[in-house]
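Novice: coords please:
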Amino acid sequence: EQVLNDLANRDPLTGLLNRRSFITISNSYLEQANHNLTELCALMIDIDFFKKVNDQYGHETGDEALKWVAKKIKSQLREHDLVARIGGEEFAVILPSTTQTQGESLSERIRLAIHNDRFFYQNQALKLTISVGIITHKSGTNDVNELLAEADKGLYKAKSNGRNQVVTMAF
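Specialist: A predicted model of the protein is given here:
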């Protein structure tokens with residue numbers, strides 16, 4: 001039963017939540033934030049130049065890099081924070097009861113945890129970086145997809161501004 005549950009709700013590579021599960025749980029976090037009038041932050045994270053990792057070192061190395069980044073992200077989060085691999089080299093995070101300042105600080109810690117370390121695999125030492133878009137929800141929307149779309153705009157801006165940075169969007 002647990003195996004079937006994991007197959008239905010988790011990304012098989014990283015063990016993080018999958019997109020469907022993440023959206024379902026995130027919407028309940030959003031409802032709670034609206035009900036309690038608390039802030040909540042949404043992050044979109046993308047590994048910079050990930051295609052080059054796959055092309056240059058192979059997909060097996062790329063898969064191991066994804067696992068490494070997933071662990072790095074998770075290591076910076078609190079127990080009640082939510083993280084998922086939502087596709088390719090893209091991750092989403094929900095930070096309940098988190099102000100914009102706290103969310104920016106946590107996003108920067110995640111970015112630095114990856115930036116300041118090296119990913120080692122089969123005698124290869126790779127320098128990976130991430131770009132992060134962040135949005136703070138104060139109240140109003142009941143759809144986490146809207147929040148993620150706004151955070152994604154920040155992610156796109158971080159990439160177009162040179163990558164390896166955090167960009168906060170206003171909502």
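Novice: what about L147, which helix or strand?
Specialist: Secondary-structure assignment from DSSP states H and E places L147 in helix 144-160.
Novice: which strands or helices does that helix pack on?
Specialist: helix 19-36, strand 40-47, strand 90-96, strand 130-137, strand 166-169 (3 or more C-beta pairs under 8 Å, 6 or more residues apart in numbering; DSSP states H and E). Quick note: C-beta positions are derived from backbone N, CA and C, even for glycine.
Novice: identify the residues contacting it?
Specialist: Contacts with helix 144-160, where a contact means C-beta atoms under 8 Å, 6 or more residues apart in numbering, come from 23, 26-27, 29-30, 42-46, 48, 92, 94, 131-135, 137, 141, 165-169, 171.
Novice: switch to 6 Å and redo it
Specialist: Here helix 144-160 makes contact (C-beta atoms under 6 Å, 6 or more residues apart in numbering) with 23, 26-27, 30, 42-44, 46, 92, 131, 133-135, 137, 165, 167, 169, 171.
Novice: could you give me the PyMOL syntax to select whichever of the residues you listed are buried?
Specialist: Only the buried entries of the contacts of helix 144-160 go into this PyMOL selection, using 16 or more other C-beta atoms under 10 Å:
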select buried, resi 23+26+27+30+42+43+44+46+92+131+133+134+135+137+165+167+169
